[in-house]
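Asker: Okay, here's the prediction I keep looking at, along with the sequence it came from:
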Amino acid sequence: MIDDTTRDQTPKIDISRLEKADIDGTRHMQALVWQDHFLKERGQTVSLLFRSRQNIEYYMEKDGGAFFVAKLDGELVGSIACHIWGKIGWFGPFEVHPKHQNRGIGKMLVARAVEYLDGEGCTTIGLETMSTSTRNITFYSNRGFEPRKMTYVFYKDLSQDNPDKPDSTPQQPRKMTQDDLPLLRKVWNDIDPGLDYTAELEALDKHDLGEAMMFEFVGGKGEQQDDRFPNHAILHSYELIDGSTNTILKLLVAENTDAAMKMLDWCERRTVEMGKRGIFLRSYQGTGLELADFLKQGYALAGVQVRMMMRGKEENTERAHISCWSG
């Protein structure tokens, strides 16, 4: 959540990298921001929802520790996390304390994030925000970002799923290994020049976030070695929010829609095996997957966001590609 900087009262703010001593303060500030958002935007009173320490530590250590906080007289009043996937840079979550909004703090944090991503050589810089928030879209547009495409947020409740349904996955996937990386990097670069998810795979192991799997289908053809396309997915099973009972599909790359749906089926089964209730994922316009594909799979549309870019070309690929620029 952001501030619209409508008043020219920029305070003296110190922006620095998040340190472990600031994690709890950051989590509390973020929870206050979202509680305030639900009350002001939706008229709903909700309990404080805290990001897990595991999530914050994952973000603060990935990409060289590019998680910045804003402090006013020692008080933590804002934060922004940067992410780098090769030459693709984006930021989120991004929040400013409700009591300190409209003072230019958000503008300073975004400027720091863009400066960092630019300095790291990112040729694409962007974010995703709520498509219904004219406030957010106006704020980012004034910072030089342009709305490009929609991102769909999906959720599937698996508590009522049929455990006896036929298994559509021809064989069990195997765990991804270091030997897979050269081929995967080529596939990622084919999807979007400069795209590289290696940082996510390294964080997966370091922070015990979930599983990275390789899928092979009988009859599946591709342009890669051995005439097999390297279908793969990252399924996050850790708690993004304290008390979460869901998994999150962080990444999925498949040769076609049929393969993608079979991989989704496996991720759903794995979610149930883990004792989780449901699964979240995000998919954006411009890939080989359509909104109707997820609805047919039993997913409910939980929200719509808009992808905004300061620089970079829009990605368009025939491959099924699930990922998001949302923290």
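Answerer: Yep, it's here.

Asker: Next SSE downstream of whichever helix or strand Cys267 is part of?
Answerer: Element membership for Cys267, per DSSP states H and E: helix 257-273. Remark: after helix 257-273, the chain's next helix or strand is strand 278-284, criterion DSSP H and E.

Asker: helices or strands up against that next one?
Answerer: Counting contacts by 3 or more Cβ pairs under 8 Å, 6 or more residues apart in numbering; DSSP states H and E, strand 278-284 packs against strand 146-157, strand 246-254, helix 257-273, strand 300-311, strand 320-322. For glycine as for every other residue, the C-beta is placed from the backbone atoms N, C-alpha and C.

Asker: among these, which is nearest Ser131?
Answerer: Closest approach to Ser131 among the helices and strands packed on strand 278-284 is made by strand 300-311 (4.3 Å; Cβ to Cβ).

Asker: Compute the inter-axis angle for the closest one and strand 278-284.
Answerer: 40 degrees (axes from the mean of the first three to the mean of the last three Cα atoms, to 10 degrees).

Asker: Strand 300-311 pairs with which strands, parallel or anti?
Answerer: When sheet partners are counted by DSSP bridges, strand 300-311 sits next to strand 124-130 (antiparallel), strand 146-157 (antiparallel).

Asker: Please spell out which residues along stretch 267-275 are buried.
Answerer: Neighbour counts over stretch 267-275 (16 or more other Cβ atoms under 10 Å) mark Cys267, Glu268, Arg269, Arg270, Thr271, Val272 as buried.

Asker: State the mean pLDDT of the longest helix anywhere in the chain.
Answerer: Using DSSP state H, we find that the single longest helix of the chain is helix 23-42. On average, the pLDDT along helix 23-42 is 89.

Asker: Show me what it is packed up against.
Answerer: Counting contacts by 3+ Cβ pairs under 8 Å, 6+ apart, helix 23-42 is packed against helix 53-61, strand 75-85, strand 88-96.

Asker: Quick one: residues in contact with that helix.
Answerer: 1, 18, 44-51, 53, 56-57, 60, 69, 76-79, 93, 95-98, 133 (Cβ atoms under 8 Å, 6 or more residues apart in numbering).

Asker: can you list the domains in the chain?
Answerer: 14-122, 154-322 (automatic domain parsing).

Asker: Quickly, which of those domains bottoms out on average pLDDT?
Answerer: Among the domains of the chain, domain 154-322 scores lowest, with a mean of 89.
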